[in-house]
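Asker: sequence below, structure please.
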Amino acid sequence: MTAPETNVDKQARRHRWPLIAFAVGIVVAAGFALYFAGADDIAEDDATGVSTLDADDS
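Answerer: Numbers count the residues shown, from 1 in each chain. I've put the predicted structure just below:
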């Protein structure tokens, strides 16, 4: 069976803004991901400042 109406131009006009919104959302999500992935560089002394508790320090 085929669709009763296949007006491609009308369908393209109706889908334009939702597709633009999806594209903007993907760009914003990628921007957040890149920003938060590189937000804090790990310094060499970061690991030395961590103190651990031994079993007898409770």
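
Asker: count of neighbours near Leu34?
Answerer: 10 (other CB atoms under 10 Å). (C-beta placed from N, C-alpha, C; glycine too.)

Asker: which helix or strand contains it?
Answerer: Leu34 belongs to helix 8-37 when assigned by DSSP states H and E.

Asker: need the pLDDT of Arg14.
Answerer: The score at Arg14 is 89. That number is its pLDDT.

Asker: repeat that for Ile26.
Answerer: Taking Ile26 on its own, its pLDDT is 98.

Asker: check Ser51 too.
Answerer: Ser51 is given a pLDDT of 61.

Asker: same question, Asp57
Answerer: If you check Asp57, the pLDDT there is 54.

Asker: numbering from 215 from now on, please.
Answerer: With 215 as the first residue, the last one maps to Asp271.

Asker: tell me, what's the model's pLDDT at Ala217?
Answerer: 74.

Asker: that one: neighbour count?
Answerer: Ala217 - counted by other CB under 10 Å - has 7 other residues nearby.

Asker: and it, helix, strand or coil?
Answerer: coil (DSSP: H, G, I helix; E, B strand; the rest coil).

Asker: what residues does it make contact with?
Answerer: Under the criterion of CB atoms under 8 Å, 6 or more residues apart in numbering, Ala217 has no contact partners.

Asker: if we use 10 Å, what do you get?
Answerer: Gln225 (CB atoms under 10 Å, 6 or more residues apart in numbering).

Asker: ditto for Ala226
Answerer: Applying CB under 10 Å, 6+ apart, we find Ala226 in contact with Leu233.

Asker: separation between it and Val238?
Answerer: Taking CB to CB, to the nearest Å as the measure, Ala226 falls 18 Å from Val238.

Asker: and Glu219, backbone torsions?
Answerer: When quoted as degrees, to the nearest 10, the phi and psi of Glu219 stand at phi -130, psi 120.

Asker: residues near it, how many?
Answerer: Neighbour count of Glu219, defined by other CB under 10 Å: 7.

Asker: that one contacts Arg228, correct?
Answerer: No. If you go by CB atoms under 10 Å, Glu219 and Arg228 don't touch, sitting 11.9 Å apart.
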